[in-house]
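Asks: Dropping a prediction and its sequence here:
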Amino acid sequence: MYDAIIIGGGLAGSSLAAHLARAGRSVLLLEKRSLPADKLCGEFLSPEVTGSLRRLGVLDEVRSAGAHPIRRARITSAGGASFESALPGTALGLSRRRLDALLFENARRAGADARDGTKARAVEGALGEGFSVETGDGERFAGRLVFGAYGRRGVLDRTLERPFLEKDAPLVAFKAHYDAVRPKTALPDGAIEVHAFPGGYCGLARIETGAVNACWIARTALLKDAGGDPEAMAAQTLSQNPALAERMNAMERASEEFEATSQVTLRTKGTFAGGVCMVGDTAGMIAPLCGDGMAMALRAAELAAGPAEDVLDGRRSATGFRNAYERRWTRAFRTRLALGRFAHRSGLHPLLASAVVRAFRWAPPLGRWFIRRTRGG
């Protein structure tokens, strides 16, 4: 009987496992991928992650891994509007291949039973009574609490009958790493850029290898128009923003394949399902345009850890645990998620994207306010 079983060994799952294990809890951490492994992500750690990484005891390790410092942001629209601003601190560019493995190993060092290459297939039980988790290999594990930290969408969402699955999600996303072939027009060091194009937007940021991570989200119809080929989709759609076209023409793809996902939703999915406590993107995903998803995953782990320790110690009831985490999660993320949805809708529509970027350019304090507010500031 584990105190906690955490399904998903990404940022939220590994961080939560480390927090609970260091508090003396018995923790089982299950990750379906064999690490290290790539993952679709903007690979941008916004400035507020410094505190989370320090509390996990990995800040020096992240810096030693060569995380690329990022201090400025630039946003452009397909119509040529552009806004630039300093970030409210130093952000970091670090690949998920490196970061996920680092955090997973940190959880193991903290005392968690961390198993990669192990997929959770089903969860049975109830909050307050205990759970049973079955893996793809047919093994069963018992836990007092179960946490879902498996990302945007997973097989357990279906078995737990989560309502968001019934909603339309007409978005796709892709990611690849690129090397500069014309350095003068490639992405400058120390910058993150977000470029809107008709029906989507693309973020560019350097990672520890010096490569540029390009990650874009767009309407599924644009992929269909390109015959289902992400390379053709990139050529047809990303080039409609002149600033983005200039960047992409100065680079060549280094990744053998694109990381891809479909049916992306930005709706809030809920902090609990079938008694399973959800953290990270499993509870709700901020618009990629905001670049705050990784920071939110780390913060969500902290928000869940305290109430979890309380219920395991008998200081809270199961209902008290649920209510405490829901209040913390809502208070921390509601505003930035709402702003993120507005930014996302703006990014998909060329005229609206141009209007928003021009507003930021004409009133820089407004742009800086938006950057702060999508980071909980």
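Replies: Received it, and whenever you're ready, just let me know what you need.

Asks: Going by C-alpha atoms from here, please, whenever you check contacts or count neighbours.
Replies: OK.

Asks: And the strands in the stretch 251-377 of the chain?
Replies: Remark: strands assigned in the stretch 251-377 of the chain by DSSP state E, counting those that start in this stretch are 251-253, 259-262, 272-273, 276-278.

Asks: And the first one, how far out from the chain middle?
Replies: Relative to its chain's centre, strand 251-253 lies at 24 Å (Cα atoms, centre = their mean, to the nearest Å).

Asks: and if you look at the last one?
Replies: In terms of Cα atoms, centre = their mean, the gap separating the centre of strand 276-278 from the centre of its chain is 17 Å.

Asks: Kindly report the same for the longest one.
Replies: Put simply, strand 259-262 sits 13 Å off its chain's centre (Cα atoms, centre = their mean).

Asks: Restrict that strand to CA atoms and write it as PDB.
Replies: Output of strand 259-262 as PDB, limited to C-alpha atoms (Å, rounded to 0.1, in the frame of the first residue of the first chain):
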ATOM      1  CA  GLU A 259       6.400  15.700 -32.100                       C
ATOM      2  CA  ALA A 260       2.700  15.900 -32.600                       C
ATOM      3  CA  THR A 261      -0.600  15.900 -30.800                       C
ATOM      4  CA  SER A 262      -4.200  16.400 -31.800                       C
END
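
Asks: who does it pair up with?
Replies: Take DSSP bridges as the rule and strand 259-262 pairs in its sheet with strand 171-180 (antiparallel).

Asks: Name the helix or strand for Val123, please.
Replies: Counting by DSSP states H and E, the element that carries Val123 is strand 120-126.

Asks: helices or strands up against that strand?
Replies: strand 130-135, helix 155-159 (3 or more Cα pairs under 8 Å, 6 or more residues apart in numbering; DSSP states H and E).

Asks: Got phi/psi on Asp3?
Replies: Backbone torsions for Asp3, taken as degrees, to the nearest 10, come to phi -70, psi -40.

Asks: wait, isn't it in contact with Val27?
Replies: Yes - under the criterion of Cα atoms under 8 Å, Asp3 makes contact with Val27 at 6.0 Å.

Asks: Worst mean pLDDT among the helices and strands packed on strand 120-126?
Replies: Least confident of these, judged by mean pLDDT, is helix 155-159 with a mean of 93.

Asks: Just give me how far it sits from the chain centre.
Replies: 19 Å.

Asks: Give the buried residues for that helix.
Replies: Judged by neighbour count using 16 or more other Cα atoms under 10 Å, the buried positions of helix 155-159 are Leu156, Asp157.

Asks: and it, C-alpha only, in CSV?
Replies: Backbone C-alpha positions of helix 155-159 (Å, rounded to 0.1, in the frame of the first residue of the first chain) are rendered in CSV as follows:
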residue,chain,number,x,y,z
VAL,A,155,-6.4,6.7,-21.9
LEU,A,156,-7.5,7.2,-18.3
ASP,A,157,-9.5,10.3,-19.3
ARG,A,158,-11.8,7.8,-21.1
THR,A,159,-12.0,5.2,-18.4
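
Asks: Mind giving me the packing neighbours of that helix?
Replies: Using 3+ Cα pairs under 8 Å, 6+ apart: helix 155-159 touches strand 120-126.

Asks: tell me the angle of the strand holding Val123 relative to strand 130-135?
Replies: Per axes from the mean of the first three to the mean of the last three Cα atoms, to 10 degrees, the angle that strand 120-126 makes with strand 130-135 is 170 degrees.

Asks: Next secondary structure after the strand ranked longest in the chain?
Replies: Longest strand in the chain, counting residues (DSSP state E): strand 82-93. Sequence order places helix 96-110 as the next helix or strand after strand 82-93, per DSSP H and E.

Asks: Low-confidence bits of this structure, can you list those?
Replies: The chain contains residues with pLDDT under 70 at 376-377.

Asks: So the residue nearest to Lys39 when sequence neighbours are not counted versus Glu231, what's the distance?
Replies: Excluding the flanking residues, the one nearest Lys39 by Cα to Cα, 6 or more residues apart in numbering is Arg96, at 6.0 Å. According to Cα to Cα, to the nearest Å, Arg96 and Glu231 sit 22 Å apart.

Asks: Contact partners for the residue at minimal distance from the centre of the chain?
Replies: Against the mean C-alpha coordinate of the chain, by Cα atoms, centre = their mean, the closest residue is Gly293 at 3.8 Å. Residues near Gly293 by Cα atoms under 8 Å, 6 or more residues apart in numbering: Gly280, Asp281, Met285, Ile286, Ala287.

Asks: Nothing else from me, thank you.
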